[in-house]
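Undergrad: Everything below, folded, please.
(chains A, B, C and D)
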Number of protein chains: 2
Amino acid sequence: MSNEADEQQIEGRADHTRKALIEAAIKLFGDRGYDHTSVRDLVKEAGTNLAAINYHFGGKEGLRQATIEFLAEDFKLHGPGQAMAAIDPANIRSLTKDDARRILRQVMKSAFMQADKRQFGNKHARYVLRELVQGGALTEHFFEKVFSKQFALLRVLVAHLTDDDPDSETTRVRSILIVAQSAFLNLAQPLVLLALDWEDFSGDKADIIGDNFWVNHE
Amino acid sequence: MSNEADEQQIEGRADHTRKALIEAAIKLFGDRGYDHTSVRDLVKEAGTNLAAINYHFGGKEGLRQATIEFLAEDFKLHGPGQAMAAIDPANIRSLTKDDARRILRQVMKSAFMQADKRQFGNKHARYVLRELVQGGALTEHFFEKVFSKQFALLRVLVAHLTDDDPDSETTRVRSILIVAQSAFLNLAQPLVLLALDWEDFSGDKADIIGDNFWVNHE
DNA sequence: AATAGTTTCATACGAGTGTTCGAAAATATG
DNA sequence: CATATTTTCGAACACTCGTATGAAACTATT
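TA: Numbers count the residues shown, from 1 in each chain, chains lettered A, B, ... in the order given. The predicted model follows:
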């Protein structure tokens, strides 16, 4: 292990610190939120120096931007889009409604679903949701870069399930309400645990939730 | 209008300031969150002095506590509990399922529903949700003081609708998923507007959403 | 009217923030 | 090997934050 090779050729020191900072940002921003994370905590977590963020990203805001872009890319590769990608929007009409419903639940599970089980759901989705909820410039950016396409696929599924048009207003509303269920449970974990009288989300609890998503109408 | 009488007798200067500060807190905490609101902004919004918060509430944290308690009381009087209070849990079995579904939608609408139309939904619910989502000591307090009872009623409705037990795990999960829909739409308004291709929530859009909540199963 | 208590206000303090700067160290280039 | 470039690191800056202090203004009591 004399030289640290990663995915692409050799990884210089600069790339190493950049990566470490982004990972620290995903973790800390996701846990405490952007504004509750100091650059001093970030550089300590990344094992580097106070000035590193400004040098590599131009500032704390620059690190956020870089982190968002990293997550946007990661979301495409490992996010719910993976489960969704198998679906051909053209041939979706050949699916039975039971199939569509099952796929829908599977997608939601793999999307935002919970902490310990799904490695993706934990840190990454948490931060993404925080940013999306917060509003502001990044909401739009992230919506276009990530959410938009997957939401379109979701609408196709919902429309098929409800015999409606994917672009209709009712389909849009119903689709966002499906997202809402999964997203809120991820965001409001403390409240959810209290309401369900659970200690944590371990075991088969993710499945219990996933199986009870409201996804059909009338 | 020589003396400022409000609801109870005469309102001293101190009470006036306290009230103004709590109202400012509801507004600013709800919009930006507790930590993004400085005491200087609070006192400016309330039209008083920098030292007022420390004098009347012992500190910023004290103002938060007082605000929470005020909202807990207000929630009981004007919250979704109002719509729910009309329901007698004992006689709920006499309701038709259509009735139950209609009541459920009505309750959700009046609970967290949107901005400009429902005066309650806007500022108050927004801050309550922020606190509940955040986690921490207040989540538990607020859950016990406010959420718990109304959630129990919600579970009765859901159980009736799905021929299940109000205390069963599936009923709890399904109930929290109903809350999730309403709550998330309130929290993530920027994202929701983008997803629905809406400019704002004006007009009959609250009804469109309310009518499309997922509340029935199978 | 004089005094005691309450409430407001201007100011200052210490702690924490993001950022800047220049020198040291490490790497790349000739 | 010598020089130029990149990257790290420590120290300091300007700023905002919540809070504390003591004097002024106001109200209530005698």
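
Undergrad: so where's chain A uncertain?
TA: Residues of chain A meeting the criterion pLDDT under 70: A:1-11, A:78-89, A:110-123, A:135-137, A:217-218.

Undergrad: Closest residue of it to DNA strand C?
TA: Residue nearest to DNA strand C within chain A: A:Gly59 (2.9 Å; C-beta to the nearest atom of the strand). All C-beta atoms are positioned from the backbone trio N, CA, C, and that covers glycine.

Undergrad: Count the residues that sit near that residue.
TA: Around A:Gly59 there are 13 other residues, counting by other C-beta atoms under 10 Å in any protein chain shown.

Undergrad: Hmm, A:Ile53 and it touching each other?
TA: Yes: shown here, A:Gly59 and A:Ile53 form a contact pair, counting by C-beta atoms under 8 Å, at 6.9 Å.

Undergrad: Give me the neighbour count for A:Gly203.
TA: 11.

Undergrad: what about it, which SS state?
TA: coil (DSSP: H, G, I helix; E, B strand; the rest coil).

Undergrad: Next: A:Thr48.
TA: coil.

Undergrad: so the residue most central in space within chain A is in which element?
TA: In chain A, the residue lying closest to the centroid (C-alpha atoms, centre = their mean) is A:Ala125, at 3.0 Å. Secondary structure from DSSP states H and E places A:Ala125 in helix A:123-134.

Undergrad: Show me what that helix packs onto, helices and strands only.
TA: helix A:13-32, helix A:60-78, helix A:97-112, helix A:137-142, helix A:169-187, helix B:189-196 (3 or more C-beta pairs under 8 Å, 6 or more residues apart in numbering or on different chains; DSSP states H and E).

Undergrad: So for A:Asp207, which of those helices sits nearest?
TA: Nearest to A:Asp207, of all the helices and strands packed on helix A:123-134, is helix A:97-112, at 7.7 Å by C-beta to C-beta.

Undergrad: picking that back up, is the residue nearest to the centre of chain A in contact with A:Leu187, as I believe?
TA: No: counting by C-beta under 8 Å, A:Ala125 stays clear of A:Leu187, with 9.7 Å between them.

Undergrad: Phi and psi next, for A:Asp204.
TA: phi -100, psi 20 (degrees, to the nearest 10).

Undergrad: Write out the residues of chain A neighbouring DNA strand C.
TA: Contacts of chain A with DNA strand C, taken as C-beta under 7 Å from any atom of the strand, map to A:12-13, A:37-41, A:50-51, A:53-54, A:59-61.

Undergrad: Let's see the PyMOL selection covering just the buried ones among those.
TA: Selecting only the buried entries of those in PyMOL, with 16 or more other C-beta atoms under 10 Å in any protein chain shown as the criterion:
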select buried, chain A and resi 37+39+53+60
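
Undergrad: right, and the pair among the residues of chain A next to DNA strand C with maximum separation?
TA: Farthest apart among the residues of chain A next to DNA strand C by C-beta to C-beta are A:Gly12 and A:Ser38. That separation is 26.8 Å.

Undergrad: any residues touching stretch A:138-149, and which ones?
TA: Residues from elsewhere that reach stretch A:138-149 (C-beta atoms under 8 Å, 6 or more residues apart in numbering or on different chains): A:64, A:68-69, A:71-72, A:75-76, A:79, A:81, A:128, A:131-132, B:190-191, B:194-195.

Undergrad: What number of residues are in the vicinity of A:Ala25?
TA: A total of 26 residues lie near A:Ala25 under the criterion other C-beta under 10 Å.
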